[in-house]
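Novice: generate a structure from the sequence data that follows.
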Amino acid sequence: MSLQHAYAVTNRLTGLAAGSFAWSATATNPLHANDGKMDKLCTIASTATSVNVIIDLGAAYSISAVACLNHNLAGLATLKVEHATNLAFTTGVTEAKAASTLGTSPAPLKDAVLQFAAVTKRYWRLTWTWTGSVAMSVGELFFAESTALTRAEVYGHGGARRYINSKFDGYTGEQRGHYIAGPIASRRLPFEALTESERNELWAMYHAARGGAVSLLWCEQYEAVATAAAAAYQACLFGKLTEDETSWTEDDFGVYGVSALMLRSLAREVGS
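Specialist: Okay, here's the model as predicted:
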């Protein structure tokens, strides 16, 4: 199977009240886990080696991707995704994605997405398990139905990292700086030699993100079959497209080229 990418723009957790999340341990600032940002963290006031959260979406929605963004458990923990037919998780408990070790690459972007065959359910449970004395934190949880693209990007793709700093030079020649935010990751997405339907898939993604007005979850590789998610399939980027305008050309009969898209992540760890 050729490489496929996927994306999602609608987070089914957005707007849910704190009562929709039942953490197994005390959660500090629980709504930071679904505020659409990654700079403020939901932290668990416990170093227990297993923590779970049961989430009531309020209605049954089709879900095929769960992302854990800006977490602090890279390489330390596994994450398991389950759903059930009741809030107490006593009936119809099914494993959507088996316990998967959260990958460490690319550092220091501590983001992971687990993908699986779409299922329409209301009640979900995430379980993190790790070793060692670690107080878990997470910047954002994202539940969505992802859309896979037919074609992969071509050569010319790339990425960048950026930190926001305040720097100055002293009269002695000394340089000082104050860390403000970051890292902010960028991802260049070039596509070429597309059919009309493949071009329209990119158009649909661009319009779904409202040209960058709406945050987009980019899944580097689409994978919804494996029991557990290997690290290579967890790579993702949560941010906004930077183009106010994009264009296409017909390079040959029925063959289209489109201008490269640039995706820039939201900032994290604001302050120092």
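Novice: parallel or antiparallel, which strands does the helix or strand hosting residue 43 pair with?
Specialist: Using DSSP states H and E, residue 43 sits in strand 42-44. Strand 42-44 has the following strand partners under DSSP bridges: strand 27-28 (antiparallel), strand 137-138 (antiparallel).
Novice: what about the first one, average pLDDT?
Specialist: Meaning strand 27-28. For strand 27-28, the mean per-residue pLDDT is 94.
Novice: again, but for the last one
Specialist: Throughout strand 137-138, pLDDT has a mean value of 94.
Novice: next SSE downstream of that strand?
Specialist: Assigned by DSSP H and E, the successor of strand 137-138 is strand 140-144.
Novice: adding distance to residue 152, write the strands paired with strand 42-44 out as a markdown table.
Specialist: C-beta coordinates here come from the backbone N, C-alpha and C atoms, glycine included. Below are the strands paired with strand 42-44 laid out as a markdown table (distance: least, CB to CB, whole Å):
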| stretch | distance to residue 152 |
| --- | --- |
| strand 27-28 | 38 |
| strand 137-138 | 29 |
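Novice: to residue 20, which of those lies closest?
Specialist: strand 27-28 (12.2 Å; CB to CB).
Novice: tell me the most buried of the strands paired with strand 42-44?
Specialist: Comparing those by mean neighbour count (mean count of other CB atoms under 10 Å), strand 137-138 ranks first with a mean of 21.
Novice: what lies in contact with the strand holding residue 43?
Specialist: 23, 25-33, 51, 135-139 (CB atoms under 8 Å, 6 or more residues apart in numbering).
Novice: kindly report the same for stretch 201-209.
Specialist: With CB under 8 Å, 6+ apart as the criterion, stretch 201-209 contacts 7, 9, 147, 149-151, 191, 194, 214-216, 240-241, 243, 246, 258, 261.
Novice: okay, buried residues for that stretch please.
Specialist: Going by neighbour count (16 or more other CB atoms under 10 Å), the buried part of stretch 201-209 is 201, 202, 205, 206, 208, 209.
Novice: pull the CA atoms of that stretch into CSV?
Specialist: Once non-C-alpha atoms are left out, stretch 201-209 reads as follows in CSV (Å, rounded to 0.1, in the frame of the first residue of the first chain):
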residue,chain,number,x,y,z
GLU,A,201,-9.5,16.2,-2.0
LEU,A,202,-6.9,18.9,-1.3
TRP,A,203,-9.5,21.6,-2.0
ALA,A,204,-11.8,19.9,0.5
MET,A,205,-9.1,20.0,3.1
TYR,A,206,-8.3,23.6,2.4
HIS,A,207,-11.9,24.7,2.6
ALA,A,208,-12.5,22.6,5.8
ALA,A,209,-9.7,24.5,7.5
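Novice: what residues does the spatially closest residue to residue 59 that is not a sequence neighbour make contact with?
Specialist: For residue 59, ignoring the flanking residues on the chain, the nearest one in space by CB to CB, 6 or more residues apart in numbering is residue 122 at 6.0 Å. If you count contacts by CB under 8 Å, 6+ apart, residue 122 has them with 56, 57, 58, 59, 60, 61.
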